[in-house]
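Undergrad: sequence first, then the predicted structure, then my questions.
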Amino acid sequence: MVENFKSMPPMLQFITLHGVFCFLFFLLAVIPGFDLNFTYKGQPMGFDEIWQNDLGIHLILIGLFFPISAVLLLKKWQYCRQFYSFGILTVFIVQNTDSGSFIYLFFALIIPIVLIVYLYKHDKVKVYFST
């Protein structure tokens, strides 16, 4: 897997590292006392505050989904790009529709759409997944 990581284009390496980093969200949501200085809307959150503000399930899903996506990208699984695309769209849509406001949804989807286009249209990424 190290060779696969080294052969990735830089942006794909960043996406993979981001996915691995997201595992910290899972740990933050399931381990009481796991100190990471997590803030949400400017408010510092510990284990109890995360669950009181209904963020626990969101953090668990993000903390499991993105690391799995990163490993699948490293292993060049046949459907890893679709898996990552589904996950990032889901995260951005849920975060922006959870409050019931759809006003910013279009702007929130710009980043995931750019990443998805990168995964499918960039020549170096195509070469990475074809080998």
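TA: Yes, it's here.
Undergrad: pull out the buried residues from stretch 117-131.
TA: 118-119, 125, 128-129 (16 or more other CB atoms under 10 Å). From N, CA and C alone the C-beta is placed, and that goes for glycine too.
Undergrad: meant to ask about stretch 60-72
TA: 60-70, 72.
Undergrad: before we move on, the earlier item: between the buried residues of stretch 117-131, which is nearest M8?
TA: When the buried residues of stretch 117-131 are compared for distance to M8 (CB to CB), Y128 wins out at 5.8 Å.
Undergrad: I figured L72 hits F83, correct?
TA: Yes. Counting by CB atoms under 8 Å, F83 is a contact partner of L72 at 5.9 Å.
Undergrad: quick check: which ranges of this structure have low pLDDT?
TA: 99-101 (pLDDT under 70).
Undergrad: now for N96: which residues touch it?
TA: 102, 104-105, 108 (CB atoms under 8 Å, 6 or more residues apart in numbering).
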